[in-house]
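Novice: One predicted model, sequence on top.
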Amino acid sequence: MCIANYFKIIIKNLVLTVEGSSYNDYPVWEINDKKDDKLNQFQMFFIRAIIGLFVAVIITRMFTGRIDIPYIVGLAIILVGLAYFSEYLRQRRNKP
């Protein structure tokens, strides 16, 4: 659910409170029925790559004391690969 939908819920609840209605008249799950709230595969890869680079910079800086581009790129590739591997294991476990 995106942040804009949360703001819609908050504003709707404030308006309903002022008008004397209850927020139960408009449940949260009705607002989240949109299909476009899911991330596509490219967006997921982009988020994982950015987080992988950030964590790789921190890990490389902690263990070597300097920032080396080849180490950061290699570690980021490993971290993103591990993220996809853990997603694969999670999906395999949930399938009957």
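Specialist: Thanks, I have it. Numbering: from 1, shown residues only.
Novice: Could you point out the longest helix of this protein?
Specialist: Longest helix in the chain, counting residues (DSSP state H): helix 69-94.
Novice: which residues are in contact with stretch 43-56?
Specialist: Applying CB atoms under 8 Å, 6 or more residues apart in numbering, the contact partners of stretch 43-56 are L39, Y71, I72, V73, L75, A76, I77, L79, V80, A83, Y84. For glycine as for every other residue, the C-beta is placed from the backbone atoms N, C-alpha and C.
Novice: Can you list the buried residues in it?
Specialist: Across stretch 43-56, burial judged by 16 or more other CB atoms under 10 Å covers R48, G52, L53, A56.
Novice: of all the residues you listed, which comes closest to Y88?
Specialist: The closest of the buried residues of stretch 43-56 to Y88 turns out to be R48 (CB to CB; 13.3 Å).
Novice: Lowest mean pLDDT among the helices and strands of this protein, which one is it?
Specialist: helix 28-31 (a mean of 50; mean pLDDT, DSSP states H and E).
Novice: After that one, which helix or strand is next?
Specialist: Downstream of helix 28-31, the first helix or strand assigned by DSSP states H and E is helix 41-64.
Novice: now the angle between helix 69-94 and that following helix, please.
Specialist: Put simply, helix 41-64 runs at 130 degrees to helix 69-94, going by axes from the mean of the first three to the mean of the last three CA atoms, to 10 degrees.
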